[in-house]
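**Student:** just need the structure, nothing else, for what follows:
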Amino acid sequence: MVIFYEDRNFQGRSYDCSSDCADMSSYLSRCHSCRVERGCFMVYDRTNYMGNQYFMRRGEYADYMSMMGMSDCIRSCRMIPMYRGSYRMRIYERENYGGQMYEMMDDCDNITDRYRMSNCMSCHVMDGHWLMYEQPHYRGRMMYMRPGEYRNFTNMGLSNMRFMSMRRIMDSYY
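**Tutor:** Prediction:
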């Protein structure tokens, strides 16, 4: 569960959330702090799980906007279900599963170093929940990937975004 607050330092109106919320504007006019009491969440700066994404796990975020470099308020959030099985994802160099393909079962801090791959433009997540990062060493903009096929990241509102590192969302985050 996560509690969102309109103002910094857990002040102002609040909204308790324990599941996905595609549009938070009906609950809060703005959101500047939050407290994750249990579980993990992805928060988005646009409605309907679009725009920049930020991973939040158990803890207090008194002023997450400046801490995470967010330029806008949280507009939607998605709960990440706990997962304890194996992890498996295929990454592809080009859109629509084109180019080189590699199957991953663990974290990768730099696809160029590990696979000699210059880009990751599509993927197929078979098992587990993953975070993909724009830059090596888990830096830059991120994207939450749950099991499914992702043929084209551009169609997901991520134009000109390429992923260079990937990390599993492990049960230790909960």
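**Student:** tell me which helix or strand the residue nearest in space to the middle of the chain sits in.
**Tutor:** Closest to where the C-alpha atoms of the chain average out (Cα atoms, centre = their mean) is residue 144, at 3.3 Å. According to DSSP states H and E, residue 144 maps onto strand 139-145.
**Student:** give me the next element, helix or strand, following that strand.
**Tutor:** Next along from strand 139-145, by DSSP H and E: strand 148-150.
**Student:** and after the helix or strand bottoming out on mean pLDDT in the chain, which helix or strand comes next?
**Tutor:** In the chain, no helix or strand scores lower on mean pLDDT, DSSP states H and E than helix 64-68, which sits at a mean of 63. Using DSSP H and E, the helix or strand that follows helix 64-68 in sequence is strand 76-80.
**Student:** helices and strands around the helix or strand following that next one, which ones?
**Tutor:** Using DSSP H and E, the helix or strand that follows strand 76-80 towards the C-terminus is strand 88-94. Secondary-structure packing of strand 88-94 (3 or more Cβ pairs under 8 Å, 6 or more residues apart in numbering; DSSP states H and E): strand 98-104, strand 122-127. Any C-beta I mention is one placed from the backbone N, CA and C, and that applies to glycine too.
**Student:** so which of those strands is nearest residue 27?
**Tutor:** Nearest to residue 27 among these is strand 122-127 (30.1 Å), distances taken as Cβ to Cβ.
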